[in-house]
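S.K.: Just a sequence and a predicted model for now, questions to come.
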Amino acid sequence: MTAAAAEPRLLLVTGLSGAGKSTALKVLEDLGWEVVDNLPLALLDALIEAPAKRSEANRPIAVGIDSRSRGFRPALLVKQIKELRQNGGRDVQTLFLDCAGAELERRFSETRRRHPMAEDRPAADGIAREREMMEPLRRWAEHVVDTTNYSSNDLQQEVRQRFGDTEEGAPVLNVLSFGFARGLPRNADLVFDMRYLRNPHWDPTLKPGTGLDADVAAYVMADPAYADSVAQIERLILTLLPRYRAEGKSYVTIAFGCTGGRHRSVHVASRVAQTLRESGYEPVLTHRNLDSAPQDGLEGKPPPAAPAAGGDR
């Protein structure tokens, strides 16, 4: 791992049309990478071997390649990546940007752009063809980011976390709270379900608040299962992180979910992030559904015995 980290980095940025490749490349450029988009595959070796100024010899390179690139063939690209790794001299990785078909259709409709593989047919046809074509690259990529539920800012943050400068060898940590009722996070490495804790949503005085509020936090912490279970989760995470680092994993997302993503998961994610900071890590804390409106329909039924100690968020 140390030897690879000392080598100049080469990142191939690819994925489905409309999934965010241009956004990712722009962020990498802002981070100081040399960026080349839509490079013909025949010129990839020439770009890598081209002499650079001494001051830029170790500058990382990001190359955008997708179905529009001249000579694009996924199997050939995978073969080139293997050869580059065998030849040494660069730390070669691949970032694949994925997205659900329905969301891609919405994006193409919103921007009034034609899909590059469906010039005279519905965008859905082109999306299906491209997904099938790109599957070998998706399986091969070290970094797969699903942008279905991402805003442009979310993707920018993800790229910065993964490819910005960090302590050598240390994984980049993202601690995330979310609501199961609003979908699982697609890129989480560890997911912890907080729905076993009593739910502030069913207390009328706490329902409008969030897990960042002291009274909501106190309510969650008063659950008899809270202290021991959360402490065990923290011990597990602190046990696993050094192992992830030893295995060369550079990016770890730890997600905490409750039903709506506003109360229990927010409090526990905040506590765990603080524990990680006190242990010498620098996690990025994100509350995905913090601004979502409270909805009884998402929370299920309140507990029959004690409605105020209820169900979930």
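M.R.: Great, that's in hand.

S.K.: Name the helix or strand of this structure that has the lowest mean pLDDT.
M.R.: For the chain, counting by mean pLDDT, DSSP states H and E, helix 2-6 ranks last in confidence among helices and strands (a mean of 43).

S.K.: which residues touch the helix or strand that that helix is followed by?
M.R.: Heading C-terminal from helix 2-6, the first helix or strand you meet, by DSSP states H and E, is strand 9-15. Contacts to strand 9-15, defined as C-beta atoms under 8 Å, 6 or more residues apart in numbering, come from residues 21, 24-25, 28, 33, 48, 60-66, 77, 81, 84, 90-99, 134, 137-138, 141, 163. For every residue, glycine as well, the C-beta is placed using N, CA and C.

S.K.: Strand 9-15 pairs with which strands, and in what direction?
M.R.: Sheet pairing here is set by DSSP bridges, and for strand 9-15 it gives strand 61-64 (parallel), strand 91-98 (parallel).

S.K.: what are the ranges of the helices in the stretch 201-313 of the chain?
M.R.: 214-221, 226-246, 264-278 (DSSP state H, counting those that start in this stretch).

S.K.: tilt between the shortest one and helix 226-246?
M.R.: When you say that, I think you mean helix 214-221. Put simply, helix 214-221 runs at 90 degrees to helix 226-246, going by axes from the mean of the first three to the mean of the last three C-alpha atoms, to 10 degrees.

S.K.: Now do helix 214-221 and helix 264-278, the angle between them.
M.R.: Going by the same axes, to 10 degrees, helix 214-221 makes 90 degrees with helix 264-278.

S.K.: Run the chain-centre distance for helix 214-221.
M.R.: 29 Å (C-alpha atoms, centre = their mean, to the nearest Å).

S.K.: buried stuff in that helix?
M.R.: 216-217, 219-220 (16 or more other C-beta atoms under 10 Å).

S.K.: Now it: average pLDDT?
M.R.: Averaging pLDDT along helix 214-221 yields 96.

S.K.: what sits up against that helix?
M.R.: 197-198, 200, 203, 205-206, 209-211, 226-227, 263-264, 267-268.

S.K.: Pull that helix out as CSV, backbone CA atoms only.
M.R.: Extracted in CSV, the C-alpha atoms of helix 214-221 (Å, rounded to 0.1, in the frame of the first residue of the first chain):
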residue,chain,number,x,y,z
ALA,A,214,-30.9,18.3,23.7
ASP,A,215,-34.4,17.2,24.7
VAL,A,216,-34.7,14.7,21.8
ALA,A,217,-31.2,13.3,22.6
ALA,A,218,-32.1,12.9,26.2
TYR,A,219,-35.3,11.0,25.3
VAL,A,220,-33.3,8.6,23.0
MET,A,221,-30.6,8.1,25.6
